[in-house]
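1. fold the following and give me the result.
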Amino acid sequence: MNLFLKLDNNESNKESNLILFSDFLPEVLSFTTSENERIQDLYLQLCSLFNHHSYNEILFLLPQLSSFSMLPAIINLIIGATMIKLGRLDSGFRELAVAIIMSSRGEQRISFLIVAATLHAELNDKERVQGYLGEILDLSRQVVQSSEEFDIVKENLEELENTLLIKLENVKDKE
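-> Residues are numbered from 1 along each chain as shown. Modelled structure (predicted):
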């Protein structure tokens, strides 16, 4: 069981983005086939732009979103992370909150909380990072089914904590 979103911890590039979105839409969509395809295409485009740090290009796609009656929470997450990367913190964290609330409990919510913790680490907000880590631990306890699974989750959480602490240190050194 992998509860943790892939983080890129490439120390050779201090400017690298710790958040990487996958090339497939991780949710089962309940739209028409054509809507599913359009949403999948939009998701792939957003992921590619985000992973390549083309945040302004993502903002140009926002008008297209109004053509959908509803979007998967992951798209709100990408939009929120983009806004935060561009310095639009209030609207970015509002989108992130919407994504977290819309997410299913369990693994998806944990992944979304990891993104939020990472973004706070990039903003040098250690207190909020620690709060998210506590929330991730609490949710992980609800999801795991055995003590062996929990040991794995605990190791992953410790690795995540170390990664975020390194990011906090790097951000602090820049200031």
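2. from the contact counts, what lies against the longest helix along the chain?
-> In the chain, assigned by DSSP state H, the helix with the most residues is helix 147-174. Applying 3 or more Cβ pairs under 8 Å, 6 or more residues apart in numbering; DSSP states H and E, one finds that helix 147-174 contacts helix 107-122, helix 126-143. C-beta coordinates here come from the backbone N, C-alpha and C atoms, glycine included.
3. identify the residue nearest the geometric centre of this protein.
-> Residue closest to the average C-alpha location in the chain (Cα atoms, centre = their mean): residue 115, at 3.1 Å.
4. count the neighbours of residue 124 for me.
-> Neighbours of residue 124 under the rule other Cβ atoms under 10 Å: 15.
5. I'd say it and residue 171 touch.
-> Yes - shown here, residue 124 and residue 171 form a contact pair, counting by Cβ atoms under 8 Å, at 4.4 Å.
6. identify the residues contacting residue 91.
-> Listed by Cβ atoms under 8 Å, 6 or more residues apart in numbering, the contact partners of residue 91 are 80, 83.
7. for the lowest-mean-pLDDT helix or strand in the chain, list every residue counted as buried.
-> Least confident helix or strand, the chain: helix 33-51 with a mean of 87, by mean pLDDT, DSSP states H and E. Within helix 33-51, the residues that count as buried by 16 or more other Cβ atoms under 10 Å are 39, 42, 43, 46, 47, 49, 50.
8. for these, give me a markdown table that also has distance to residue 71.
-> Formatted as a markdown table, the buried residues of helix 33-51 follow (distance: Cβ to Cβ, whole Å):
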| residue | distance to residue 71 |
| --- | --- |
| 39 | 7 |
| 42 | 8 |
| 43 | 9 |
| 46 | 10 |
| 47 | 14 |
| 49 | 16 |
| 50 | 15 |
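9. now tell me what touches whichever helix or strand residue 80 is part of from outside.
-> Assigned by DSSP states H and E, residue 80 belongs to helix 73-85. Helix 73-85 is contacted from outside by 17, 19, 21, 25-27, 39, 42-43, 46-47, 50, 53, 55, 58-59, 62, 65, 89, 91-100, 102-103, 108, 112, 115, 119, 123, using Cβ under 8 Å, 6+ apart.
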